[in-house]
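> Here is the input, now give the coordinates:
(2 chains)
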There are 2 protein chains.
Amino acid sequence: MMNWKLEEEGYDVDKIATNGNKFLVGNGYLGIRGTLQEYGREEFPAINLAGIYDRVGDAWREPLNAPNGLYTYIELNGTEYRLPQISPTNHHVALDYRHGIFHRETTWETPVGKVTVKAERFASLKDKHLIAMKYIVSSEGEGVLRLVTGIDGDVWDINGPHYDYILPQVEQGILKEIGVTHESGDQVCVCEAAVEDFPMEIKISDEGRKLLRVITIQAKAGISYTIYKYISVYTSKDRADFKELALELVQKAQTEGYATVKRLHTEEWEKKWKVSEVVIEGDDAALEGLNYSIYHLHCIAPRHTSYLSIAARGLSGQTYKGAVFWDTEMFMLDFFLHTEPTVAKTLLKYRVDTLEGARKKARSYGFDGAFYAWESQEGGFDACSDYNVTDVFTGRPMRTYFKDKQIHISSAVVYGIMRYVDYTGDCVILSEGGAKVILECAAFYYDLLVKKVHADHYELHDVIGPDEYHERVNNNAYTNRMAKYTFDSAIRVIGLIDKLDQATAEKLKDQYDLSRLYSRYSDAAAKLYIPQPDEKGIIEQFDGYRNLEDVSLQELRGRLLHEKEYWGGAYGIATHTKIIKQADVVTMLNLFSSDYRKEILLNNWEYYEKRTEHGSSLSACMYAMLACKCGMPERAYSLFLKSATEDIRGEGKQWAGLVYIGGTHPAASGGAYMTAVEGFAGIHHEKGVLTADPKLPAHWTHFTCKVIYRGDLYHVNITQDKTEITKLGRA
Amino acid sequence: MMNWKLEEEGYDVDKIATNGNKFLVGNGYLGIRGTLQEYGREEFPAINLAGIYDRVGDAWREPLNAPNGLYTYIELNGTEYRLPQISPTNHHVALDYRHGIFHRETTWETPVGKVTVKAERFASLKDKHLIAMKYIVSSEGEGVLRLVTGIDGDVWDINGPHYDYILPQVEQGILKEIGVTHESGDQVCVCEAAVEDFPMEIKISDEGRKLLRVITIQAKAGISYTIYKYISVYTSKDRADFKELALELVQKAQTEGYATVKRLHTEEWEKKWKVSEVVIEGDDAALEGLNYSIYHLHCIAPRHTSYLSIAARGLSGQTYKGAVFWDTEMFMLDFFLHTEPTVAKTLLKYRVDTLEGARKKARSYGFDGAFYAWESQEGGFDACSDYNVTDVFTGRPMRTYFKDKQIHISSAVVYGIMRYVDYTGDCVILSEGGAKVILECAAFYYDLLVKKVHADHYELHDVIGPDEYHERVNNNAYTNRMAKYTFDSAIRVIGLIDKLDQATAEKLKDQYDLSRLYSRYSDAAAKLYIPQPDEKGIIEQFDGYRNLEDVSLQELRGRLLHEKEYWGGAYGIATHTKIIKQADVVTMLNLFSSDYRKEILLNNWEYYEKRTEHGSSLSACMYAMLACKCGMPERAYSLFLKSATEDIRGEGKQWAGLVYIGGTHPAASGGAYMTAVEGFAGIHHEKGVLTADPKLPAHWTHFTCKVIYRGDLYHVNITQDKTEITKLGRA
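A predicted model of the protein is given here:
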């Protein structure tokens, strides 16, 4: 039985950054890093906000961190007791990931005896703008105890400061900080109410962007002093009356009290688990890793709006610019499709909403159609820089081609929409803009097709596939196959046109010459060159891959001159070898496995797996899923566990060149879910029927989960001997 | 009046390498670096051989240096007097570049007074296998003078040693060393005969690859001791009986005597100057620089065979692998066309002879037709490495694309052949293989053409133009235009088919479907996209060039972190800027100037000149010639002088990354000639008539030269007021 707790004893300064990710709580509107209350910007605390960005100077645009309303520390008899400055005698942190509650307990030795801080906090899943915290101090000795708490507007930023100024206000005993952003003057309002249950003296202090209550207590020996804090976060992008709402929210929470606020929050979490919990018997590591992964996906699911996607590092901070990558459609979407289709739709509606940005990006390169952003921010703005990596040897920015050559991103959007349509059986998203997105993506690929003048087939040149270590290649198998998928999807959509909402259908017919497009894309789908298995059954990743140096991963690693040097680019150690960063051909085979004989799947798995660094958290799950399809659950298992425990272990790559890329890995979480549910359990649908073809690892004695399919909730019950799928009714 | 002498007083060890180039003598079969007799391998002496190569291990294949039969030093009373070990009191070197004779005179202080060595030597232009030297020693004091002379087989190599072993022999008083090469067992035979006019004692010593005569003289005060040496060089590639020939040659020279050998040699040089001398009055620097440039072209002209080309560094050593580049056709050919068409034909016949190598190279990349080697060695083997530059920051080889993407090389071959045909009026070269070369080059470009599926025009993607700092670009204006030129030439050749030798015509008709090719290449020539002037009259060098950073050369230079770092490649300081290495669009405009309005020529000259590093010695002359065509001889002038004095100054780039690239610059020499004769004098031909449209710099009061045109020799006589072209009769 699992206890739904992630715990850590003892204090280690080297874990400050990774624990920030590991112990994250969140509710889709905001994420709170698993940092301690007393932390200042040096320790990377953050209340990271979804979908609101700012840019200062030439640096990258990145998401905002709200002024930190959790900020609290203590002073006893004139000495501040806080981490990491004063070493504790005991320190314990825990995450209740059943309910998204973070706990800490720390004890310091003082001249008058021990002093202990015990706290818990959560980002309410009931009201996404609300954070609540309970903070208890007790001292063995008497003395003057100062509890300093309030809002710290001096937030941690990677490329900040983002607030040109912070307005401090105190209103009806409630502290308020309003940060005004640099680029477009957006406002972030944080209100904080504190409720104490002991006699004290309060002074408000406002200095250096910190608006603080200094609470002075004549502490008695052995007595606990408890303070409850309610913090609301709203931005000017949420509503015009965001300041009023923020104030009202903390007042309401004060009135309801901590127990009620917490109960409403935990009830909401229980609702989520009721559908999404996966039970594995016989393997606690898998059970815990998987449900912890699911927890992370819940923490970042956008439920407060109808169009928003998830950043590649979730809500764990500003790394990767808070931008949305193909990770969402290809790695996270399936979890939501299976457990909460409304969230899946919200994610895809973000792409519909950002179509204009994608068209603008295509236009900027002289292309037709929609070229979705490699790193998508508000409005589909591509936050990716042309110089995304820093050369460790010269300190110079290196020209990278992620933004301009990773054209497979548009096909991921198409894939997501069509997968949603097929899985849910619901075409409404096509009427709501999805059809247009698909037509525009097809137009994009069509414009990119080249042919040799004397040849019959079409090619795609100068691209980067999923394996980013090999830049600017021709005929990347994955990219070409996904472009064909896009043409096929456009053909399907044109065929479905009269099943769409009538106004939409009319508009599309007006806007496009659909019969011309139909024949154009049919021609393209038929003639686009898709690399085929060679005589050994191997599909070449791109033209010329087979001529590259065949070196082992170990030998290659031995060639590193600098631990942080970039493996890819023009001269990286991997560039001119067969070593790849992540699943590429294998990703294609996993998506289109039914097009290939099992022997081909297996050959390519074997060939590429030993040549894959798995330098991206997106890699392991693709190999794991394909291994399941090849009937090798045991070989899938370690890769599954790698995905499921990516954030527990916290060992993922922290650096790309000199750029910090730490944070949570929701794509790995989503990949772990996919591997368990679609890989090991083999759950899939065929002709409108949900079915399962399980390949459980031998030590998994029992596997159960629930999934929603076409509006119905099903219970899936698998042992080594039998498989039961039971419809439980409408979801 | 010029004295045809290049002189230098005093000794400077830092000039050892550049003086080796500056004071070079040669006869097309071999080049002797301007080094001193006593130099060992550390001082880069070389008797560099044309057209014979060897490769050791994984290093580059490079041309051979023959065992050094000039090797000589002296010892007086037990002390060796030699440079650079013992500083001289006087040192003087001189090159008589009217006759290709190198002089040196050096005096050292010794305990018994001064000792002086005075020597001269030449590579016979009469017999290309023969070298002769006169060496005189005199001492102010008496003593035991040892003169050590013979053959030094321990030659300087960049990537050697190339002789697996050296066979020493002494036969009839003649020293002989036969070096056997590593890769294919080729043999280089050097014979040395010495004639002395004084009483002495001789001992033969053979150690460490040196076969030496130790001549001991009881030197008397103030007496000069003279020794004459005759050295022959033959290789097993010349003739089967090369060893006998080598022996006979030195015996014959011995019999004839030094005066006769020298007279025959100088007479041969006089014959060359009779046609090729250019006289400029009013500008001695130009006069001397230009004739010195012409001297270098004579030194390396292959007259001993009917198919051989010239290496990019002439016969000055092994840099650039002794390989033939487009330099020959685009920069050197015109000099020979104008003064010695048989040599021009020999150069082009090398390309005919290496067609199979070019076809093989094309095939290796999966292309049709002939892809000529970027760095061509024997048989058209491309000596260019995929890793041609070393990264100064990591010491790692950098992947470069000169070999695989610089496709314009094939068009240069076509250009050379058609230019020969047009200028000489002689189509025989087409029958002798030239027609086939052109058809194969057209097939190559045709195979490379791509089109966007929905577009009408054809493009060339992923190439490197003359400006090597910008790799892997699309639609380089120069490359596209030259490919069109190739298609046009193929069309012409097909049209001329019945004017060729009948057997050749039949064979070509058998081998090719000429009418199909005619329509195919006509279509390609019509539809190939040629970048056109924009609204400001500027032709974009390649797709996207106009979006690059516009930085000044000076500012860019300030960004260097290492003096030898490579400016190009993926991350070079120039790569993402508009700064280019050398004439690119300007080269195209110069070749096709009549297709453009003068204003366009001028606009592009102005635009690109300030953005050109002139990091290649091929650059200045293209700008100079186009400046003449724009009516700006004064602006052409400094660029002309830069080309003409490239090797006199010896300031050219010595390094590309960590690779030594020093040597002579025959393309600059050829460029200086072209600028003078075709630019300033404006000599050209129109409809079979030789004509001139001079634009002399204001201070040139008189310009005369002779040129051969269609078999006739003409005298061109130009002053600021009048232009006379007089036919002198058959050449």
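
> can you count the residues close to the residue of the stretch 151-300 of chain A found nearest chain B?
Nearest residue of the stretch 151-300 of chain A to chain B (CB to the nearest CB) works out as A:Asn159 at 21.8 Å. Every residue, glycine included, has its C-beta placed from N, CA and C. Neighbourhood size, A:Asn159 [other CB atoms under 10 Å in any protein chain shown]: 16.

> part of a helix, is it?
No. Per DSSP: H, G, I helix; E, B strand; the rest coil, A:Asn159 lies outside any helix segment and is coil.

> if I pick it, what's in contact with it?
A:55-57, A:59-62, A:318 (CB atoms under 8 Å, 6 or more residues apart in numbering or on different chains).

> Ok, A:Ala219 next?
A:76, A:137, A:139, A:142-145, A:225.

> same check, this time on A:Gln377
A:Gln377 touches A:53, A:61, A:321-324, A:383, counting by CB under 8 Å, 6+ apart.

> Show me which of those residues is closest to chain B.
A:Ala383 (19.4 Å).

> I'd like to know how many residues surround that closest one.
23.

> so A:Ile280 touches A:Phe703, yeah?
Yes. A:Ile280 is within contact range of A:Phe703, at 5.5 Å (criterion: CB atoms under 8 Å).

> Between these two, which contacts overlap?
Joint contacts of A:Ile280 and A:Phe703 (CB under 8 Å, 6+ apart) are A:Ala676.

> Just the element for A:Ala412, please.
Secondary structure from DSSP states H and E places A:Ala412 in helix A:408-424.

> Could you report the separation of A:Tyr420 from A:Ser293?
Note on A:Tyr420: its distance to A:Ser293, by CB to CB, to the nearest Å, is 21 Å.

> what about chain A, any weak spots by pLDDT?
Where chain A drops to pLDDT under 70, the residues are A:1, A:652-653, A:655-660.

> Spell out which parts of the stretch 301-450 of chain A neighbour chain B.
A:391, A:393-394, A:396, A:398-399, A:446-447, A:449-450 (CB under 8 Å from any CB of the partner chain).

> can you redo the residues you listed as JSON lines with secondary structure and neighbour count?
Formatted as JSON lines, these follow (DSSP: H, G, I helix; E, B strand; the rest coil; neighbours: other CB atoms under 10 Å in any protein chain shown):
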{"residue": "A:Asp391", "secondary structure": "coil", "neighbour count": "20"}
{"residue": "A:Phe393", "secondary structure": "coil", "neighbour count": "17"}
{"residue": "A:Thr394", "secondary structure": "coil", "neighbour count": "17"}
{"residue": "A:Arg396", "secondary structure": "coil", "neighbour count": "15"}
{"residue": "A:Met398", "secondary structure": "strand", "neighbour count": "21"}
{"residue": "A:Arg399", "secondary structure": "coil", "neighbour count": "18"}
{"residue": "A:Tyr446", "secondary structure": "helix", "neighbour count": "25"}
{"residue": "A:Asp447", "secondary structure": "helix", "neighbour count": "18"}
{"residue": "A:Leu449", "secondary structure": "coil", "neighbour count": "24"}
{"residue": "A:Val450", "secondary structure": "strand", "neighbour count": "19"}
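
> can I get those in a markdown table with distance to B:His576?
Converted to a markdown table, those look like this (distance: CB to CB, whole Å):
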| residue | distance to B:His576 |
| --- | --- |
| A:Asp391 | 13 |
| A:Phe393 | 18 |
| A:Thr394 | 14 |
| A:Arg396 | 10 |
| A:Met398 | 10 |
| A:Arg399 | 6 |
| A:Tyr446 | 30 |
| A:Asp447 | 25 |
| A:Leu449 | 28 |
| A:Val450 | 24 |
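
> which of these sit farthest apart?
Within these, two members stand farthest from each other by CB to CB: A:Phe393 and A:Tyr446, at 41.2 Å.

> Return the set of residues that bridge with A:His92.
A:Glu9, A:Glu105 (DSSP bridges).

> if I pick it, what's in contact with it?
By CB under 8 Å, 6+ apart, the neighbours of A:His92 are A:7-9, A:103-106.

> quick check, nearest of these to chain B?
Among the contacts of A:His92, and counting by CB to the nearest CB, the member closest to chain B is A:Glu8, at 39.7 Å.

> wait, that closest one sits on A:Ile16?
No. Between A:Glu8 and A:Ile16 there is no contact under CB under 8 Å: 12.0 Å.

> Compare these two and say which is more crowded by neighbours.
Using other CB under 10 Å, the more surrounded residue of A:Glu8 and A:Ile16 is A:Ile16, with 20 against 17.

> Give me the nearest residue to that one, chain neighbours excluded.
Of all residues beyond its chain neighbours, the one nearest A:Ile16 is A:Glu43 (5.1 Å), with distances taken as CB to CB, 6 or more residues apart in numbering or on different chains.

> okay, now that neighbour: neighbour count?
Neighbours of A:Glu43 (other CB under 10 Å): 18.

> Repeat that for A:Asp58.
7.

> and it, helix, strand or coil?
With three-state DSSP as the criterion, A:Asp58 reads coil.

> could you list every residue that touches A:Ala624?
By CB under 8 Å, 6+ apart, the neighbours of A:Ala624 are A:636-637, A:639-640, A:643, A:671, A:675, A:679.

> That one falls within a helix, correct?
Yes. Checked against three-state DSSP, A:Ala624 lies within a helix.

> all helices for the stretch 551-700 of chain A, in order.
Applying DSSP state H, counting those that start in this stretch to the stretch 551-700 of chain A gives helices spanning A:553-557, A:585-591, A:598-609, A:619-629, A:633-644, A:646-649, A:666-674.

> possible to save those helices as JSON lines with distance to A:Asp523?
Listed next are the helices of the stretch 551-700 of chain A as JSON lines, based on distance: least, CB to CB, whole Å:
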{"stretch": "helix A:553-557", "distance to A:Asp523": "42"}
{"stretch": "helix A:585-591", "distance to A:Asp523": "22"}
{"stretch": "helix A:598-609", "distance to A:Asp523": "27"}
{"stretch": "helix A:619-629", "distance to A:Asp523": "31"}
{"stretch": "helix A:633-644", "distance to A:Asp523": "39"}
{"stretch": "helix A:646-649", "distance to A:Asp523": "43"}
{"stretch": "helix A:666-674", "distance to A:Asp523": "34"}
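
> and A:Val352, which of those helices is closest to it?
So among these, helix A:666-674 is nearest, using CB to CB, at 20.6 Å.

> still on that earlier bit, top of the contacts of A:Gln377 by number of neighbours, please.
For these, the largest neighbour count, defined by other CB under 10 Å, is 32 neighbours, found at A:Gly322.

> Surely that one and A:Glu62 touch.
Yes. Judged on CB under 8 Å, A:Gly322 makes contact with A:Glu62 at a distance of 5.6 Å.

> how about the nearest residue to the residue of chain A positioned farthest from its centre, chain neighbours excluded?
Here chain A reaches farthest from its C-alpha mean at A:Glu142, the gap being 46.8 Å by CA atoms, centre = their mean. In space, A:Glu142 comes closest to A:Ala221 once its chain neighbours are excluded; the distance is 5.3 Å by CB to CB, 6+ apart.

> Contacts only, for that neighbour.
A:113, A:139-142.
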